[in-house]
Each structure stands twice: as C-alpha cells, then as structure tokens.
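# next input, structure requested:
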Amino acid sequence: MRSLVFVLLCCTQCIQAQQFPPVNYPKGYFRNPLDLPMDLSGNFGELRPNHYHMGLDLKTLRVENKPVYAAADGYISRIKIEAGGFGRAIYINHPNGYTTLYAHLNDFNPRLEKWVKEQQYARESWNIFLELSPQQFPIKKGDFIAYSGNTGGSQAPHVHFEIRRTADDVNLNPMLFGFPLADNTSPRILRLAVYDRTKSIYEQAPKMIAVKAAGNNYATSPGLITVSSPKVSFAVTAFDTHTGSTNLNGIYEGLLYVDNEAVTGFRMDNISYSDTRYLNAHIDYRTKANGGAWLQHLSEPPGYINSIYKRFKGNGAIDVSDGLVHPVRIVVRDAYGNASSLEYSIQYNGHVEVPVVNDAKMFYPFMLDGFEAEQCEFYIGERSLYDSVHIKHSRSANTHPQAASDVHTIGAPTIPLQEAFLVRIQPTRQLTAAEWQKTVMQWYSGSKSDVQRVEWKNGWASARFRDFGSFRLLTDDTPPEIVPSGFADGANLSKATRLVFSVTDNLGRGKNVRTLLDGKWLRFTNDKGRFFIYKFDELCPPGSHELTISAEDEAGNRVEKSFRFTR
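Predicted coordinates:
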C-alpha cells in the first residue's frame, strides 16, 4: 500500500510539473560573480514595491568592496550610473546570446573607471548610460570588473545580478542556470485569502483563512470554507528560502487545482522590465497598500498583459454556485522543484447578499474612458487598470498658501495603475502672467507627494500621474535652496578631502543641478539623490578656487550660488 501511495504521489507531482513547458537554460556556463559562497538576500520574481525583483541579490558578508568577477566570456556592452535604481552597473554581452548585469557597485576596475570618468566629463553629466562596442572592453570569464557596494536603490551591501536574453532584453531566472546553491527546503505557506469575484478585487477585503502545516503539506482551519458568493478566487502568502538561509524570498511557481483539475498557475521564469510593474496586478494591492501582507493571486486579472499566468481551465475565478463541496489544492514550488501544497474545500452557502449601491462611475480595463465635472476632468487609458472598479471624484477647499485651485480627490490610493492617467484642473482664481508660468500640479496621499509641471490648454492645466489620490494646482515662485555641508564662502579647505552639499525645495522636487569649478564643469556624485559629493582630485589643485552651483525646481525657479575657497 505504501508503495502504491508513493507511486501515485510521484505521478501526481510529474503531472503537476508538466503543466508548464520545460525550461532548458545552459547549466554551468556562468560562474558565481563573487568569490564567496552563494547566499541570497533576494531571488528572481520576489515581490517588491511596484515591481518584481528581476535578478539575484548576492550577499557580501554585510560589507562593501568585495571583488566582482565576470560570469563568462564576453564584452562590456553598457555602463549605467544613476542616483537610484542600479546605482553603478555593468552589463556584459556573452556569445551564447545572454547578457549579465552587475549592480549597486562601487569603483569599476581601474581601466574602466578611468574611461567612464572621461565620458562623464565629456558629457558634463554624472548620470550616464553608455553603449560600448565589442572591441572596447573584451572580458574573459573570471576577470575582475568592479568592487561590490551599496549604491543606487540598495538598502544594504550586496551585488544585484541578472541574466537577460540579449536579443530582447528579457530577464530570465538565474536560479535555472545551475549555479552552486544548495536548496533542499520547500516553500512555506502562511495564509490563504478568499475573494468575492462578483465584485472588484479593489472594493473588498478578502476573507483571511488560517493555515496549519504538517511537513510540506498545509491545511486550512476549518477544512471546509463556506462562502456567500457564487464566484470566488484565491490568493496565498508564501515564501521560499534556501539551505542555511533565513531570508524569506519569493516563490517560483503557484498552481491552483479545483475538483482535481488544474485551473491556472503562475511561474517566475522570464519577465521584461517593461512588464515588471504588473506585479501590482499579481498581488492584492489593496491589502498591501493598507499595511497588510503580500498576497499572490491564483487568478489572472483581466488587465494583466504579458502575464506570468498560464490558463488551463479558466482564469482562476471559480464558479461554486451549484452549492456542492469542491476540493481545492494549491501547490507552490521553488526553482529547484521543492514543493508544498495547501488543501481545503470550498462551498457556496446559497446566501444572497444585498448589493451595496455605489454611485461612482465604473471604469474597465482596455477601455479609454473619462470623467468630467466642474473644474476637474480625468481620463484613464486602455492599459491603466487591472480590474473593473468604481472611480469616485470629490472636491474640497484648498488651504495651501500657494493654492490656485480646489483640491480634487480622484479614486483611492489602494487602486493600482499600470500607466499614468491624465488629470485636468481649472484654476479657481485669475492668474497673473507670471503665475501661469509657475503653476504646478501636486499629487498627494498621506505623507507622500509629487509635483508635475502643467500644460495649459483653453484655461485648463493638465498633467499625468501614476497614482490616485488628491490633486491641486499651486503657484510656486520659491526657488530651491543650496545647502553646503562643512564649508562656506571664503573657507580654507586645505585639510578637507571632499565637498558636500544638498538641494532642498519647498515642494520636494529639485532638478537640473549643475556645478562649475573656476568656470569648468566638475563631477559631483549624487548617490541615492541625497547629497552631492566631490572628492578632491587632480582637477582641483592647491590654490584659490570658485565653486558655482545652480539648481532648478519643477516650476522653473532657478537659484545659483558661488563659494570661494582655498586648498
């Protein structure tokens, strides 16, 4: 009997594994880019704010400046330096049709570092994205390319490592390439959520169900879940890890079975950066935005384009209107095949709920539609929404001292947007010619805010935003402020090693910062967008100098300051 059970279990797992097509990437072609044993703080497809994690985060013993090596033969094809995102990054093209990326780096190898500095000065820009020819920096597997760091959007020292298809720049899961990472641990399932699919997923709080574990098998408590909706869908909170690690990383695959038939599933195999924001369709965005858990849907929202889902029998919204008991099984798996399953049953109790009347306008995925009211209009594009949802508009007084309109609240910040929508607002007072030029639109929600310079047409100001919330027009005639750190006009800096300053703005958006030393452009770094830093080098020899700093804000207000100093 035990042998029969074992055979049946193995057959079931084989059938499950065949639901998705097999993945065949070259094993052993790429080496670990560090000389440290592979240890992950993040894996491919892991859930992050507004994006999937698109590679592996390799730990560097909590320190910076560990040597980073080329994963295979090829040539350095691109260099990127930016305040956020990757920080300092190297791309290497390989002859087998793949590209590897190494991010959050500190200094590059000396020859490359010298060349990049020359390019920055030639372009008079610290932020760069350079395309290189195959002849400029050919690379052999194991060549030293840079030191690890914590630059850009990184929160702690590590190396972000990606593998992409060179032809279309689509990211692939590096854990499928046979790297030396021990993993005999199965994913963990923490909770189950049940949704009423007669409603928008953004207009409800799901029914949360506790789960209990028995090895790699999980069950709900209670085992039979009764629902008052004839159509339901499910989501789970699940994490993965690898042998010897305590980091809670993302799962590779999730499959939904109802009545012992595969319905739908998702797999973190390949994702394009142009699609990474669709994470907000994959998760329960409303629950997460309200401070709740990560929940991954086992159903494909209608507005998810190029999705990670595969449909076998429907989209994952289950019809239980027959009132029968339907067995459900959810299987989650990591990239090494370790699996866990959650089993329970679902039954409709026949209760008919009285629908809640919502007088706000309903908007749908793949439909260009708009709303027009006194002093406010907004338009939502075909690829902005993931699910149908009511979008409400309300108007209130604007108490800001620079107010040029009322406050218009559109939708709720718990409704995600894939693409920006257009907001048009009419001023509530007559603006002077100068004020027309200095008007911005501000979005805010809670403690968060953003501003955009507006376009005027027929007395209406328009701008685009990627979040719902509150919007208002402000006239801004206050320039940014340049704040030096540790120096002032006339300072003696003979013992200093660097110059540091920051730029602040009343509306939080400074831009176009430019620095000149004795009339010539000087390179200041701006990692994480916080401080502008110049480390003294051969371009600032001993003697008297003048540093000129200028900055603008979104409204076009400009400030310029000069500081004389001696070295």
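
# where does residue 5 land on pLDDT?
On pLDDT, residue 5 comes in at 36.

# who's in contact with stretch 424-432?
With C-beta atoms under 8 Å, 6 or more residues apart in numbering as the test, stretch 424-432 has contacts from 375-379, 398, 403-406, 408, 439, 441, 459-462, 471-473, 475. (Glycine included, C-beta is placed from N, CA and C.)

# er, stretch 393-408 I mean
By C-beta under 8 Å, 6+ apart, the surrounding residues in contact with stretch 393-408 are 360, 371, 373-376, 378, 409-410, 423, 425-429, 431, 435, 439, 461, 470-476.

# that one: end-to-end distance?
Length of stretch 393-408, first residue to last, C-alpha to C-alpha, to the nearest Å: 7 Å.

# any idea how far it is from the middle of the chain?
31 Å (C-alpha atoms, centre = their mean, to the nearest Å).

# before we move on, what about stretch 442-461?
On C-alpha atoms, centre = their mean, the centre of stretch 442-461 falls 23 Å from that of its chain.

# could you do stretch 518-525 as well?
Per C-alpha atoms, centre = their mean, the centroid offset for stretch 518-525 relative to its chain is 33 Å.

# ok, the closest residue to residue 247 other than its chain neighbours to residue 531 distance?
Leaving out its chain neighbours, the residue that sits closest to residue 247 by C-beta to C-beta, 6 or more residues apart in numbering is residue 41, at 5.3 Å. Counting by C-beta to C-beta, to the nearest Å, the separation of residue 41 from residue 531 is 26 Å.

# now swap in residue 127 and tell me
Residue 127 is 15 Å from residue 531, by C-beta to C-beta.

# neighbours around residue 70, how many?
Residue 70 has 24 neighbours, counted by other C-beta atoms under 10 Å.

# try the one 4 residues further on
Residues near residue 74, counting by other C-beta under 10 Å, number 24.

# tell me what it is bridged to.
Beta-bridge partners of residue 74, counted by DSSP bridges, are residue 139.

# now the helices: where do they sit in this structure?
For the chain, the helices defined by DSSP state H cover 2-17, 110-123, 279-282, 285-289, 433-437.

# any idea which of those helices scores lowest on pLDDT?
Comparing mean pLDDT across the helices of the chain, the weakest is helix 2-17, with a mean of 42.

# ok, residue 87 to residue 64 distance?
Per C-beta to C-beta, residue 87 is found 12 Å from residue 64.

# more neighbours, the two?
Taking neighbours as other C-beta under 10 Å, residue 87 and residue 64 compare with residue 87 leading, 22 against 18.

# thought that one was touching residue 102?
No - counting by C-beta atoms under 8 Å, residue 87 does not reach residue 102; the two are 10.7 Å apart.

# count the residues that sit near the nearest residue to residue 20 once chain neighbours are set aside.
In space, and not counting its chain neighbours, residue 20 is closest to residue 267: 5.2 Å by C-beta to C-beta, 6+ apart. Around residue 267 there are 21 other residues, counting by other C-beta under 10 Å.

# ok, what's across the strand from residue 267?
Per DSSP bridges, the residues bridged to residue 267 are residue 253.

# so, low pLDDT: which residues of the chain?
Low-confidence segments of the chain (pLDDT under 70): 1-18.

# one more time with 50, if that's ok
Counting by pLDDT under 50, the ranges of the chain that qualify are 1-17.

# quick check: the closest residue in space to residue 252 that isn't next to it in sequence vs residue 56, distance?
In space, and not counting its chain neighbours, residue 252 is closest to residue 335: 4.4 Å by C-beta to C-beta, 6+ apart. Residue 335 sits 11 Å away from residue 56, going by C-beta to C-beta.

# find the residues that touch each one of those two.
Common neighbours of residue 335 and residue 56 (C-beta under 8 Å, 6+ apart) are 43-44, 175.

# for these, pick the one with the most neighbours.
Highest neighbour count within these, by other C-beta under 10 Å: residue 44, with 28 neighbours.

# touching stretch 362-370 from outside, list them.
301-303, 361, 377-383, 385-391.

# and this protein, what are its domain boundaries?
Per the record, the chain has its domains at 40-176, 188-348, 361-475, 481-566, by automatic domain parsing.

# can these go into CSV with extra columns for distance to residue 23?
Formatted as CSV, the domains of the chain follow (distance: least, C-beta to C-beta, whole Å):
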stretch, distance to residue 23
domain 40-176, 5
domain 188-348, 6
domain 361-475, 27
domain 481-566, 36
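
# I'd like to know which of the ones you listed is closest to residue 20.
Between residue 20 and the domains of the chain, the tightest spacing by C-beta to C-beta is seen for domain 188-348, at 5.2 Å.

# how far does the closest one sit from the chain's center?
For domain 188-348, the distance to the chain centre is 21 Å (C-alpha atoms, centre = their mean).

# cool, stretch 538-553 as well?
How far stretch 538-553 lies from its chain's middle: 36 Å, per C-alpha atoms, centre = their mean.

# which residues are contacting it?
By C-beta under 8 Å, 6+ apart, the list of residues contacting stretch 538-553 reads 476, 478-480, 482, 494, 499, 501, 503, 505, 507, 509-519, 522, 534, 558-567.

# how does it look with 6 Å?
The contact list for stretch 538-553 (C-beta atoms under 6 Å, 6 or more residues apart in numbering) reads 480, 482, 503, 505, 509-518, 558-567.

# so between residue 127 and residue 531, which is more surrounded?
Neighbours per residue (other C-beta under 10 Å) separate residue 127 from residue 531, with residue 531 holding more: 15 against 12.

# from residue 484, how far out is that one?
Distance from residue 531 to residue 484, by C-beta to C-beta: 11 Å.

# which residues touch residue 74?
Residues in contact with residue 74 (C-beta under 6 Å, 6+ apart) are 92-94, 139.

# what sits against the closest residue to residue 484 other than its chain neighbours?
Of all residues not flanking residue 484 in the chain, residue 501 sits nearest, at 4.7 Å (C-beta to C-beta, 6+ apart). Listed by C-beta under 6 Å, 6+ apart, the contact set of residue 501 reads 484-485, 532.

# out of these, who's nearest residue 248?
For those, the nearest to residue 248 is residue 532 (36.2 Å; C-beta to C-beta).

# list the contacts for the closest residue to the closest one other than its chain neighbours?
Leaving aside its chain neighbours, residue 532 sits nearest to residue 524 (4.1 Å; criterion: C-beta to C-beta, 6+ apart). By C-beta under 6 Å, 6+ apart, the contact list for residue 524 reads 515, 532, 534.

# what's around the residue lying closest to residue 375 once chain neighbours are set aside, how many residues?
The shortest distance from residue 375 to any non-neighbouring residue, by C-beta to C-beta, 6+ apart, is to residue 426 (4.3 Å). Using other C-beta under 10 Å, the number of residues around residue 426 comes to 17.

# what distance do you get for residue 426 to residue 406?
9 Å.

# returning to what we had before: who wins for most neighbours among the contacts of residue 501?
Ranked by the number of neighbours (other C-beta under 10 Å), those place residue 532 first, at 23 neighbours.

# quick one: it and residue 522 touch, right?
No - with contacts counted by C-beta atoms under 6 Å, residue 532 stays clear of residue 522, the gap being 10.2 Å.

# I'd say residue 105 and residue 88 touch.
Yes - taking contacts as C-beta under 6 Å, residue 105 lies within contact range of residue 88: 4.4 Å.
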